[in-house]
Every structure is written in structure tokens, then in C-alpha cells.
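Peer 1: Please work out how this folds:
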Amino acid sequence: MLKHSSIISVSPEIMGGTPVFACTRVPVQTLLDYLKAGESIDDFLEGFPTVTKEQVIALLEQAEKQLVGH
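Peer 2: Numbering: from 1, shown residues only. Got it, this is the predicted structure:
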């Protein structure tokens, strides 16, 4: 599970417990919303400079591992 990892942080003190990228206040859902709207990862990163490309790639890789089982 990704929660409480080095990629995602969940804390009642940060955004009311909404899963955010670790060391930021940027909800993971915001990335998903960007991608669903057809925006690129670069567009997301431009709008949220506190999130690194490495964090986004790590999140997607972990999600893939959980969904595909590799």
C-alpha cells in the first residue's frame, strides 16, 4: 500500500488526512485529475513545483506494481 510511504504522506495535520505527495501539501488526487483531463506530467509539475518528477514517476511505478502485480 502506498499510504505512509516515502512517496505519499497521510496525516490528519496535513490537508485533513488527504493523501499528499511526501513533504508537500499537494494532494495525489490533483495529479490524477490532471492526467484524467489529458494534461501532461510536465503540466502538473509546472503548476506544483514542490512535487518532483521523481516523486510522480515513483508513484506511478508503485501503482503499476500494485495493479499489475510485477
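Peer 1: can you give me the helices in the chain?
Peer 2: Assigned by DSSP state H, the chain shows helices spanning 28-36, 41-47, 53-68.
Peer 1: Can you give me the buried ones in the shortest one?
Peer 2: Across helix 41-47, burial judged by 16 or more other CB atoms under 10 Å covers Phe44, Leu45. (C-beta placed from N, C-alpha, C; glycine too.)
Peer 1: Also the longest one?
Peer 2: Of the residues in helix 53-68, those buried by neighbour count under the rule 16+ other CB under 10 Å are Gln55, Val56, Ala58, Leu59, Gln62.
Peer 1: follow-up on the earlier one: rank the helices of the chain by pLDDT, which is bottom?
Peer 2: Lowest mean pLDDT within the helices of the chain: helix 53-68, a mean of 93.
Peer 1: Quick check: end-to-end length of stretch 19-34?
Peer 2: 16 Å (CA to CA, to the nearest Å).
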